[in-house]
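# model this:
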Amino acid sequence: MEILQLALLQPKLAVLDETDSGLDIDALNTVAHGVNTVAAETGMGTLVITHYQRILHIVRPQYVHIMFEGRIVKEGGPELVAQLEERGYGWIREEVAAAA
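Below you'll find the predicted structure:
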């Protein structure tokens, strides 16, 4: 329903807060391809908030921001998603602690 609303309302910016939560792989593909289609056709900006990387394999981010304890502590491009998959989030926590 959220993707249908995006298509009908055509906002300039869509904030998708854990849209991937609880979706099986087929539903995830449907949602992600819907987001990609609406964004491509309308020029809509998209902010995807997620705890999991799998949606980011389909909705390819231009920028990645990692929040820890309410602050953005790491920023990068799509390569940051690959680092998170490989290393998890523990190294982020260690970097924040070392910088404090």
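
# Where does His33 sit: helix, strand or coil?
Here His33 is recorded as helix under DSSP: H, G, I helix; E, B strand; the rest coil.

# which phi and psi does the residue at minimal distance from the centre of the chain have?
Central residue of the chain (C-alpha atoms, centre = their mean): Val48, 3.5 Å from the mean position. When read as degrees, to the nearest 10, the backbone of Val48 gives phi -100, psi 120.

# helix/strand/coil for the spatially closest residue to it that is not a sequence neighbour?
Take Val48 and drop its neighbours on the chain: the residue closest to it by C-beta to C-beta, 6 or more residues apart in numbering is Leu16, 5.0 Å away. The way it works is simple: take the backbone N, C-alpha and C, and place the C-beta from them, glycine included. Following three-state DSSP, Leu16 is assigned to strand.

# What does the pLDDT read for Leu16?
The score at Leu16 is 92. That number is its pLDDT.

# do the same with Ile66
92.

# Give me the distance between the residue nearest to the centre of the chain and Gln5.
16 Å (C-beta to C-beta, to the nearest Å).
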